[in-house]
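Participant: missing the sequence, but the structure's below:
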């Protein structure tokens, strides 16, 4: 295991979660759909808890949470860019368009977040001893929520785009209605959207 890169991953994970709080706070301001607002409010609270979980990793592993790394700076810049994009959309005055931009920005943020936790899980499996236990415990607390954040918001982004194009949309998306938490489940939910349309 490359210890330096494991450390880099953890700093990026912390920065991703900190940025995720800002992304969700801004995304919620962009919402028109009440179901989406409620879902993202829940994800914001979970992300705030994820910050605490990563901070706990740092405490247990005696790492400095304030230390800067090149990768961490890039993650911060990307997160700030997503917040700026949503603010630009809000400033444009079309709340429905801003909501769509927000969904895409949340997906972008969650792709990185989800990848971080998959990698942390792999690292935990590859280590032995206290460090492995600390990382495995954190992974088990977070991974299922991260799956939901990514797959459900991908569904929202797709269906909001359909709606904006004048194509009949399934809202809330099948991923949410089926409580999807895996990539396979997300694929099946997307394929099943015709069944939801027939039921309407």
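Facilitator: Noted; the coordinates are in hand. Quick caveat: nothing in here was measured; it's all calculated off a predicted structure.

Participant: Please make it C-alpha for all contacts and neighbour counts, starting now.
Facilitator: Fine.

Participant: State the distance from the residue most central in space within the chain to residue 127.
Facilitator: Centroid-nearest residue in the chain, with Cα atoms, centre = their mean: residue 110, separated by 2.7 Å. Separation of residue 110 from residue 127 (Cα to Cα, to the nearest Å) stands at 26 Å.

Participant: I figured the residue nearest to the centre of the chain hits residue 152, correct?
Facilitator: No - if you go by Cα atoms under 8 Å, residue 110 and residue 152 don't touch, sitting 10.5 Å apart.

Participant: For the helix or strand containing residue 20, buried residues please.
Facilitator: Counting by DSSP states H and E, the element that carries residue 20 is helix 3-29. Neighbour-count burial for helix 3-29 flags 8-29 (criterion: 16 or more other Cα atoms under 10 Å).

Participant: Repeat that for stretch 86-97.
Facilitator: 86, 87, 89, 90, 95, 96, 97.

Participant: Check stretch 93-112 too.
Facilitator: Applying 16+ other Cα under 10 Å to stretch 93-112 flags 95-112 as buried.

Participant: now do stretch 138-153
Facilitator: In stretch 138-153, counting by 16+ other Cα under 10 Å, buried: 138-139, 142-143, 145-153.

Participant: and for that stretch, what are the contacting residues?
Facilitator: 43, 46, 50, 53-54, 57, 103, 106-107, 110-111, 113-114, 117-118, 120-121, 173, 175-176, 179-183, 186 (Cα atoms under 8 Å, 6 or more residues apart in numbering).

Participant: swap the cut-off to 6 Å and go again
Facilitator: 110, 114, 121, 175, 176, 181 (Cα atoms under 6 Å, 6 or more residues apart in numbering).

Participant: List just the nearest of the residues you listed to residue 3.
Facilitator: Nearest to residue 3 among the contacts of stretch 138-153 is residue 121, at 15.0 Å by Cα to Cα.

Participant: nearest residue to that closest one other than its sequence neighbours?
Facilitator: residue 139 (5.8 Å; Cα to Cα, 6 or more residues apart in numbering).

Participant: pLDDT value on the one you found, please?
Facilitator: pLDDT for residue 139: 98.

Participant: Residue 181 now?
Facilitator: On the pLDDT scale, residue 181 gets 89.

Participant: For it, give me its contacts.
Facilitator: 147, 148.

Participant: helix/strand/coil for it?
Facilitator: The three-state label for residue 181, taken from DSSP: H, G, I helix; E, B strand; the rest coil, comes out as coil.

Participant: how far away is it from residue 100?
Facilitator: For residue 181, the distance to residue 100 - Cα to Cα - is 22 Å.

Participant: what's the answer for residue 110, then?
Facilitator: Residue 110 is 15 Å from residue 100, by Cα to Cα.

Participant: got the residue ranges for the helices in this structure?
Facilitator: Taking DSSP state H as the criterion, the chain carries its helices at 3-29, 34-60, 70-91, 95-126, 130-165, 174-177, 183-191, 193-199.

Participant: where among those is the average confidence lowest?
Facilitator: Going by mean pLDDT, the lowest-scoring of the helices of the chain is helix 193-199, which has a mean of 78.

Participant: That concludes my questions; thank you for your assistance.
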